[in-house]
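1. predicted structure and sequence below. I'll ask about it afterward.
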Amino acid sequence: MSAEILKFEKREKPKAEKSANNALKVKRFEALDILRGLFIIGMLLANNAGDWSHIWGPFDHAEWHGFTMTDLVFPGFMVCVGISMTLSMGRRIGAGGKKEMAFHVVCRAAILIAIGLFLNLLPHFDFAHWRYPGVLQRIGLCYALAAGLVLLHSHVAAGRLVLHARPLAIWAAGLVLGYAILLKAVPVPGFGLGDSFGPEGSWPAYIDRIIPGVQHIYQGGTNEAGQVVYDPEGLLSTFPAIFNILAGILIGLLIQKQTPARAVGSVGLCGLMLVLVALALDSQIPIIKKLWTSSFAFLTSGLAMLILSGLMLVMDRLGYTKWAMPIRVFGTNAILAYVFAWLFSVFLDVSGVSRVVTGWILGVVHDPYAMSFLFAFGVLVICWLFVLPFYLKKIFLKI
């Protein structure tokens, strides 16, 4: 099993198969590929501003309390991870049963975390200030913990893993409720409740400064005095992020039960309800991406479901799929695209090409914000051209 954890896999074209009622079903859930692709595109645009002092507005995160569509891309991708788990975990049960699957989960999570840690070392390999948290690290941890809950609340029948939705829903609700109570009602040592949703006096920030320590967290997570006080992917805020994956698992089970074409309304309704709950909570539990507050988890999961519902309507019910090919290139090789974009960005900075290109663009458009947009879009195009041959040859990085 371990030899299959990390490899490039050539995937054949999905074949149609007959279901119990003799209806033809296609194995590949294309709307999910497109949703994943949209979120990866958002990540690449947000991570390559060119000039971080003049980020083009739509590509920037909310400064603290509030929300931008860029804030959706990471948690939305987590929802995609959860949906994918419902499609993949049941098929992976082999002779080794749950033990073999647990081993696969641990290996997969470890590889994601290791890749994230390695990327954080680039380009200077400064171990004294090595940032431990990160995007891939959070995905790996949340995936492992969510998969552990799946294995705990499931059984094997006819060679497949059957997930129990009710206990997973209870865990999802418990995580966001417990996190909200902690932030809202439990005093932080040295700060009390006066800054319970702030960058310095909140529980996530407090834990970040202890584990893993100021020198090993995001150096841009500063307070007004310029002191490093928090990490947007810190340890404690990882737990409410598990909600996004569990929400994806639950909506994936719903889609499997109804089929994508029939589940459009159900998925959209679930998404709308989560968005309304988030907005209702905002006055008491503010929507803050950098703390991954409970309202933020609700909002981002709901918006991801609403977008997915729209894609399912267009692609699965109406059958319009060809338009999405450029997005599908990213969606079917998301991790490869993300890692290449990171390495390419490091190369641009270290080589000085980034300064040359941004200076040239600024000289043409005379607007630093327009320059930021054009630079980010240019990096996106280059990443797309890199991933395209893999897509055309049906070769995909499997972790």
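-> The structure has been received and is ready for your questions. Residues are numbered from 1 along each chain as shown.
2. tell me which helix or strand comes right after the helix or strand bottoming out on mean pLDDT in the chain.
-> The element with the least model confidence among the helices and strands of the chain, by mean pLDDT, DSSP states H and E, is strand 24-26, at a mean of 41. Heading C-terminal from strand 24-26, the first helix or strand you meet, by DSSP states H and E, is helix 30-46.
3. that next one - contacts with which helices or strands?
-> Packed against helix 30-46 by the contact rule (3 or more CB pairs under 8 Å, 6 or more residues apart in numbering; DSSP states H and E) you find helix 73-88, helix 294-312, helix 325-331, helix 334-351, helix 368-392. Quick note: C-beta positions are derived from backbone N, CA and C, even for glycine.
4. which stretches of the stretch 151-300 of the chain form helices?
-> Listed from the start of the chain, the stretch 151-300 of the chain has helices (DSSP state H, counting those that start in this stretch) covering 165-185, 203-208, 238-258, 264-281, 294-312.
5. relative to Ser88, which of those is closest?
-> Shortest separation from Ser88 across these is recorded for helix 238-258, at 10.0 Å, computed as CB to CB.
6. now the angle from that closest one to helix 165-185?
-> Compare the direction of helix 238-258 with that of helix 165-185 by axes from the mean of the first three to the mean of the last three CA atoms, to 10 degrees and you get 150 degrees.
7. quick one: list the elements packing against helix 238-258.
-> Contact here means 3+ CB pairs under 8 Å, 6+ apart; on that basis helix 238-258 packs against helix 73-88, helix 135-152, helix 165-185, helix 264-281, helix 294-312.
8. comparing the ones you listed, which comes out most buried?
-> Mean neighbours per residue, mean count of other CB atoms under 10 Å, is largest over those for helix 294-312, with a mean of 26.
9. quick one: average confidence on that one?
-> The predicted model assigns helix 294-312 a mean pLDDT of 98.
10. next one: stretch 330-345
-> Per-residue pLDDT over stretch 330-345 has a mean of 96.
11. use 49 as the first number from now on
-> Fine by me, first position is 49 from now on; the one you just mentioned is stretch 378-393.
12. what does it contact?
-> Applying CB atoms under 8 Å, 6 or more residues apart in numbering, the set of residues contacting stretch 378-393 from outside is 80-86, 88-89, 91-92, 95-96, 125, 160, 163, 167, 170, 183-184, 402, 427, 430-432, 434-435, 438-439, 444-445, 447.
13. equivalent analysis for stretch 398-405, please.
-> By CB under 8 Å, 6+ apart, stretch 398-405 touches 98, 171, 393, 395-396, 423, 426.
14. greatest separation within those: which pair is it?
-> Of all pairs drawn from those, the widest gap by CB to CB lies between Pro171 and Gly426 and measures 20.6 Å.
15. neighbour count winner among those two?
-> Taking Pro171 and Gly426 together and counting by other CB atoms under 10 Å, Gly426 has the greater number of neighbours (14 against 11).
16. mind listing what that one touches?
-> Residues in contact with Gly426 (CB under 8 Å, 6+ apart) are Val405.
17. from Leu391, how far out is it?
-> Distance from Gly426 to Leu391, counting by CB to CB, to the nearest Å: 16 Å.
18. and Gly145, by the same measure?
-> Gly145 sits 38 Å away from Leu391 when distances are taken as CB to CB.
19. do the same with Asn96
-> As it turns out, when the distance is counted by CB to CB, Asn96 lies 12 Å from Leu391.
20. of those two, which one has the most company?
-> Neighbours of Asn96 and Leu391, each counted by other CB under 10 Å, are more numerous for Asn96; the result is 23 against 13.
21. helix or strand: which one has the more buried one?
-> Using DSSP H and E, Asn96 sits in no helix or strand.
22. pretty sure it is touching Leu422, no?
-> No - here Asn96 does not reach Leu422: they are 10.9 Å apart, not a contact under CB atoms under 8 Å.
23. residues bridging contact with these two, i.e. touching both?
-> Both Asn96 and Leu422 lack any common contact, where contact means CB under 8 Å, 6+ apart.
24. the nearest residue to Gln263 once chain neighbours are set aside - how many residues pack around it?
-> Excluding its sequence neighbours, the residue lying closest to Gln263 (CB to CB, 6 or more residues apart in numbering) is His177, at 5.4 Å. Using other CB under 10 Å, the number of residues around His177 comes to 13.
25. what about His177, distance to His102?
-> Shown here: His177 relative to His102, a distance of 26 Å by CB to CB.
26. check Leu317 too.
-> 40 Å.
27. any chance of the helices and strands packed on helix 78-94 in JSON lines, plus distance to Arg257?
-> Compiled in JSON lines, the helices and strands packed on helix 78-94 are given as follows (distance: least, CB to CB, whole Å):
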{"stretch": "helix 121-136", "distance to Arg257": "22"}
{"stretch": "helix 342-360", "distance to Arg257": "21"}
{"stretch": "helix 373-379", "distance to Arg257": "36"}
{"stretch": "helix 382-399", "distance to Arg257": "26"}
{"stretch": "helix 416-440", "distance to Arg257": "31"}
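28. can you say which of the ones you listed is nearest to Gly226?
-> Evaluated over the helices and strands packed on helix 78-94, closeness to Gly226 peaks at helix 342-360, with 9.0 Å, by CB to CB.
29. in terms of secondary structure, what does the closest one contact?
-> Helices and strands touching helix 342-360, as assessed by 3+ CB pairs under 8 Å, 6+ apart, comprise helix 78-94, helix 121-136, helix 213-233, helix 286-306, helix 312-329.
30. ok, the closest residue to Val262 other than its chain neighbours to Tyr386 distance?
-> Nearest residue to Val262 in three dimensions, chain neighbours excluded: Val276, at 5.1 Å (CB to CB, 6+ apart). Summarising the geometry, the distance separating Val276 from Tyr386, computed by CB to CB, is 25 Å.
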